[in-house]
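A.B. asks: structure for this input, please:
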Amino acid sequence: MPAKHDINKVGSESSDFPILCETCLGPNPYVRMTKREFGQECKICNRPFTVFRWNPGEGGRFKKTEICTTCAKIKGVCQTCLLDLEYGLPVQVRDAALGRKNQAPSSDINKQYYIQNLEAQMEESGDGQAYDSQVANAAGREMLKNLARTDPHYKRNRPHICSFFLKGDCKRGAECPFRHETPKEGETSKQNISDRYYGTNDPVAKNILKKVAESKGLKAPEDKTITNLLLLGLPTCTEADVRTALNDAVPSIKPNQIRSISIVAANNVAFLNFTDRQSAERAAEGLSAQDGVEVNGKKAKVVWGRARPNKPKAAGTAAPAVSA
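C.D. replies: Coordinates of the predicted model:
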């Protein structure tokens, strides 16, 4: 057996009841669950854990827990749908609004060490909680409250689509327990549990953040060559101050993804030049979720840069590059 597999098998988890959101649990107050000790590996930490399986309601599909309770407590999410328990939103949206950093390691060995330390901290504290939901970012919390669903979205519990129907070979008709409809293709149809949990490259979250940015006047320009943002209304500050503020507000943006920062002190403006368009869009979405960025105690407004108009070509010279 490979050494990597042995490391992942270190430790296991046993629990008496799952951590679920109201939608996944279903409307039935007398729901029955089956419990299987060490039924499968957690999709995040790869440790065996207690798997619960139940039917959330009449006409729905059977659901089960996908991650262990420890991983759910670390991120404050449902064990089945991996959505935030307080707002019912993807982790990427919540973390972008609150400016949270993903501190979990990616390697298997460090992941086990990280989880074991958090479990020890939870045992010492006695409250069994690892996720801190109290954040001072009032603007981000207000945005999350506006986006959150007030009622359970039981549509998520519908049966899966019938594979025989897609092949044109389902003979059960109205008695078929699965849905007879054509699936919608697109980015949102291809989701990954690990990406959803860590809040990276989640297509559902990306669509939500994109709509938030557009509603606040930060719609990405059609010109794909524009890769810069402007900070307006800055206080007296240095490039280091701006970089620190950006790192705190949008931790997903790495320092090497910012090509340069140009501060115009006379106009209280800073130009953020990114290495590529994707990084600029991600920064715009994160900053729009927080209504700007706070630099040295003052909130600065964020807008997209503009392309410089092409100057008339002089004889024997090439056209200047389009940038802002």
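
A.B. asks: what's the burial count for the closest residue to residue 250 other than its chain neighbours?
C.D. replies: Closest residue to residue 250 apart from its sequence neighbours, by Cβ to Cβ, 6 or more residues apart in numbering: residue 286 at 3.7 Å. (Each C-beta comes from the backbone N, C-alpha and C, glycine too.) For residue 286, the neighbour count with other Cβ atoms under 10 Å is 25.

A.B. asks: packing partners for the helix or strand hosting residue 286?
C.D. replies: Applying DSSP states H and E as the criterion places residue 286 in helix 277-289. Judged by 3 or more Cβ pairs under 8 Å, 6 or more residues apart in numbering; DSSP states H and E, the packing partners of helix 277-289 are helix 91-98, helix 203-215, strand 228-232, helix 239-249, strand 269-274, strand 298-304.

A.B. asks: now that helix: buried residues?
C.D. replies: Neighbour-count burial for helix 277-289, counted by 16 or more other Cβ atoms under 10 Å, picks out 279-289.

A.B. asks: again, but for stretch 217-227
C.D. replies: Buried residues in stretch 217-227 (16+ other Cβ under 10 Å): 218, 220, 226-227.

A.B. asks: low-confidence ranges in this protein?
C.D. replies: Along the chain, segments meeting pLDDT under 70 span 1-11, 102-109, 124-137, 186-189, 307-324.

A.B. asks: so what strands line up beside the helix or strand just after the helix holding residue 286?
C.D. replies: Tracing the chain past helix 277-289, the next element assigned as helix or strand by DSSP H and E is strand 293-295. Using DSSP bridges, strand 293-295 pairs in its sheet with strand 298-304 (antiparallel).

A.B. asks: between strand 269-274 and the strand it pairs with, find me the angle.
C.D. replies: 50 degrees (axes from the mean of the first three to the mean of the last three Cα atoms, to 10 degrees).

A.B. asks: from the chain's centroid, how far away is strand 298-304?
C.D. replies: In terms of Cα atoms, centre = their mean, to the nearest Å, the centre of strand 298-304 is set 23 Å apart from its chain centre.

A.B. asks: where do the helices of the stretch 1-150 of the chain begin and end?
C.D. replies: For the stretch 1-150 of the chain, applying DSSP state H, counting those that start in this stretch gives helices covering 3-8, 22-25, 69-75, 91-98, 108-125, 138-147.

A.B. asks: most packed of those?
C.D. replies: helix 91-98 (a mean of 25; mean count of other Cβ atoms under 10 Å).

A.B. asks: for residue 300, which non-adjacent residue is spatially closest?
C.D. replies: residue 231 (4.4 Å).

A.B. asks: how many residues are close by that neighbour?
C.D. replies: What residue 231 shows, counting by other Cβ under 10 Å, is a neighbour count of 24.

A.B. asks: number of nearby residues for residue 200?
C.D. replies: 15.

A.B. asks: now the buried residues of stretch 217-227 as a markdown table including secondary structure and distance to residue 112?
C.D. replies: Converted to a markdown table, the buried residues of stretch 217-227 look like this (DSSP: H, G, I helix; E, B strand; the rest coil; distance: Cβ to Cβ, whole Å):
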| residue | secondary structure | distance to residue 112 |
| --- | --- | --- |
| 218 | coil | 40 |
| 220 | coil | 40 |
| 226 | coil | 44 |
| 227 | coil | 39 |
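
A.B. asks: which members of these are the farthest-apart pair?
C.D. replies: Farthest-apart pair in these is 218 and 227; separation 14.3 Å (Cβ to Cβ).
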